[in-house]
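Novice: Here is my input, please return the structure:
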Amino acid sequence: MRKRAAALCGAAVVVAGSFTAVPAGASTLLTAQTAQTSGAAKPAWKKCGTADYPTLQCASLKVPLDHAKPNGRQITLALSRVPHTAKKYQGPLLVNPGGPGGSGLTLAGFVASTLPKAVAAQYDVIGFDPRGVGASKPALDCRPGHFDPVRPDSVPSTPAIERANLSRAKSFAAACGKKYASVLPYINTVSAVRDMDAIRKALGAKKINYFGYSYGTYLGAVYGKLYPERVRRLVLDSIVDPTGVWYDANLAQDYAFNDRHRALMAWIAKYDATYKLGTDPEKIEAKWYAMRAALAKKPADGKVGASELEDTFIPGGYYNGYWPYLAEAFAAYVNDKNADPLVEAYENFAAVDASGDNGYSIYTSVQCRDASWPRDWKQWRKDNWAVHEKAPFMAWNNAWYNAPCAFWPTDSLQPKNVANGKLPPALLFQATDDAATPYQGGVTVHRLLAHSSLVVEEGGGNHGISLSGNACLDEYLAAYLTDGTVPRGHGEADAVCKALPDPEPLSSKAASTSSRGSTLHGLLGFRG
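Specialist: Residues are numbered from 1 along each chain as shown. Below you'll find the predicted structure:
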């Protein structure tokens, strides 16, 4: 990463606002009167505001299960909207939190309330639950309670442990096939993209603006590939590498998450006065693995075994705002033999409820259908042991999370080549140390999308970085959504923003967490 930093941008770190800019799609301003299409059913919007997002509205839209058969079986998509209030109307801004399997209904309220008011007022901010997710119908839940504790140790150190984990993966795949045989062939990225275009049509818009995080970046890139003439603005934050969809992408994650876990260990070492776990990150990491071994033998409160411990700390790889809570739980267990904070952290960050079961059902359904996966478990065993040797933190946990794809009851599609020279300038955001979507994904998509601009958060390790408290990044976003302005540089990136400082311990008077950051990461969830 140090070598990369020097090549990022032709200039030093760019101060927000001091960039060479070009307009993108500035001539495609829409009006409420002209944004109409004859024959399309319009959503019937009803108030569904919350205390946090009082202007939120909700509606539903029927779409074909199989878009090749528009008059065949219909399914229902749940939609949300924060309507525009300004005279200048720039059309719908569809937002997606990633996953696959993430609900986007609340994200519309967050985006509308977090963007500068003058910018948000010019858009109808549209959230949606993709097919199979949340309030959309049918909502998939293949095997309720699949993640109930205590699961087998993720590391298959014995044949018996491997068999137990394989049994879980096979059972989940079989349950999905049994419950949703008629639906699974149509739960995939391309079908979700067709749904997005149905939403566009129902909204009466000739073009859409789109803002996607994580997996939502792949969704947006595929939409742009299939419908380039219908894209007005395109914002992609924390970018999936489309050349690794999905088996290779998950292996790449393992190395990046291991690095982020070690960054947490180094952060804990910095605050030895608070956590009393030592000042040597490697020795602290050894204590973490000793804690893991102890929990494998005796799970805390009958809930937190070795696998659940990994589940609890993986969110720290997505968002460093969780580090103080994880560090306190770690220290209490090691220093005081007190597992209560660890159990609390598990319940807050890792325990899977019905919504999580639904999200995982869609995650597997989309990823297993989108692309080919090895069907020979020997390949998985070989690859994941090789990764584990160098990056043990999440290697096997991630392998079992994706293992149903080795036994999935549908065949696989071919991933889309998202290379695109027909789009208007797109705006890309990527942190250099992002674990869930490693940095190379941003560089790759920047290269594949002609005319795109890449804004890099140097030294940042969080996943989902715009609208998360970094004013430099947010100024680029606001400029782009205002009039299409994008930065243009001469290096690997078009602009670079410094990352926000890491958090401080909860006991510190200086401790503060970005409320916007924690809210956003609660909406994005984990695993992409």
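Novice: For the rest of this, base every contact and every neighbour count on C-alpha atoms.
Specialist: Fine.
Novice: Settle this for me: P392 is touching N258, isn't it.
Specialist: Yes - the criterion here is C-alpha atoms under 8 Å, and P392 meets it with N258 at 6.9 Å.
Novice: low-confidence ranges in this structure?
Specialist: 1-40, 508-514, 525-528 (pLDDT under 70).
Novice: same thing but 50
Specialist: The chain contains residues with pLDDT under 50 at 1-38.
Novice: where do the strands sit along it?
Specialist: With DSSP state E, the ranges of strands along the chain come out as 21-22, 46-47, 57-64, 74-82, 92-96, 124-129, 208-213, 231-237, 427-431, 453-458, 486-487, 495-498.
Novice: longest helix anywhere in the chain?
Specialist: helix 247-270 (DSSP state H).
Novice: on that earlier part again, how about CSV for the strands of the chain, with mean neighbour count added?
Specialist: Conversion of those to CSV gives the following (neighbours: other C-alpha atoms under 10 Å):
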stretch, mean neighbour count
strand 21-22, 15
strand 46-47, 14
strand 57-64, 20
strand 74-82, 24
strand 92-96, 27
strand 124-129, 28
strand 208-213, 25
strand 231-237, 26
strand 427-431, 28
strand 453-458, 27
strand 486-487, 26
strand 495-498, 25
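Novice: can you put those in a markdown table and add distance to D474?
Specialist: As requested, the strands of the chain are exported to a markdown table (distance: least, C-alpha to C-alpha, whole Å):
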| stretch | distance to D474 |
| --- | --- |
| strand 21-22 | 15 |
| strand 46-47 | 29 |
| strand 57-64 | 25 |
| strand 74-82 | 20 |
| strand 92-96 | 16 |
| strand 124-129 | 17 |
| strand 208-213 | 13 |
| strand 231-237 | 12 |
| strand 427-431 | 10 |
| strand 453-458 | 11 |
| strand 486-487 | 12 |
| strand 495-498 | 10 |
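Novice: how about the helices in the stretch 51-200 of the chain?
Specialist: Listed in chain order, the helices of the stretch 51-200 of the chain (DSSP state H, counting those that start in this stretch) span 105-114, 117-120, 159-179, 189-202.
Novice: er, the stretch 251-400 of the chain I mean
Specialist: Assigned by DSSP H, counting those that start in this stretch, the helices in the stretch 251-400 of the chain fall at 272-275, 281-297, 306-313, 315-318, 323-336, 340-349, 354-370, 377-390, 395-402.
Novice: other SSEs contacting the first one?
Specialist: Identification of packing neighbours for helix 272-275 by 3 or more C-alpha pairs under 8 Å, 6 or more residues apart in numbering; DSSP states H and E yields helix 323-336.
Novice: go on, the fourth one?
Specialist: The helices and strands touching helix 315-318, judged by 3+ C-alpha pairs under 8 Å, 6+ apart, are helix 247-270.
Novice: buried stuff in the helix it packs on?
Specialist: Using 16 or more other C-alpha atoms under 10 Å as the test for burial, helix 247-270 gives 247, 249-270.
Novice: Quick one: distance of it to the chain centre.
Specialist: In terms of C-alpha atoms, centre = their mean, to the nearest Å, the centre of helix 247-270 is found 16 Å from the chain centre.
Novice: cool, and stretch 206-225?
Specialist: The answer for stretch 206-225 is 13 Å, by C-alpha atoms, centre = their mean.
Novice: Format the CA atom coordinates belonging to it as CSV.
Specialist: C-alpha atoms of stretch 206-225 as CSV (Å, rounded to 0.1, in the frame of the first residue of the first chain):
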residue,chain,number,x,y,z
LYS,A,206,-36.0,8.5,-19.5
LYS,A,207,-32.8,8.1,-17.5
ILE,A,208,-31.8,7.3,-13.9
ASN,A,209,-29.2,8.5,-11.5
TYR,A,210,-27.7,5.7,-9.5
PHE,A,211,-25.7,5.5,-6.2
GLY,A,212,-24.5,2.1,-5.1
TYR,A,213,-22.3,0.8,-2.3
SER,A,214,-20.3,-2.5,-2.3
TYR,A,215,-22.2,-5.1,-4.3
GLY,A,216,-24.4,-2.2,-5.4
THR,A,217,-21.4,-1.1,-7.5
TYR,A,218,-21.5,-4.3,-9.5
LEU,A,219,-25.3,-3.9,-9.9
GLY,A,220,-24.8,-0.3,-11.2
ALA,A,221,-22.0,-1.3,-13.5
VAL,A,222,-24.1,-4.1,-15.0
TYR,A,223,-27.1,-1.7,-15.4
GLY,A,224,-24.8,0.6,-17.2
LYS,A,225,-23.6,-2.2,-19.5
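Novice: 466 is where my numbering starts, stick with that
Specialist: All right, first residue 466 from here; so that's stretch 671-690.
Novice: just to revisit the earlier point, for the helices of the stretch 516-665 of the chain, give me a markdown table that also has mean neighbour count and distance to N813.
Specialist: Formatted as a markdown table, the helices of the stretch 516-665 of the chain follow (neighbours: other C-alpha atoms under 10 Å; distance: least, C-alpha to C-alpha, whole Å):
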| stretch | mean neighbour count | distance to N813 |
| --- | --- | --- |
| helix 570-579 | 22 | 19 |
| helix 582-585 | 18 | 31 |
| helix 624-644 | 17 | 24 |
| helix 654-667 | 21 | 30 |
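Novice: Relative to D801, which of those is closest?
Specialist: Among the helices of the stretch 516-665 of the chain, helix 624-644 comes nearest to D801, with 30.4 Å by C-alpha to C-alpha.
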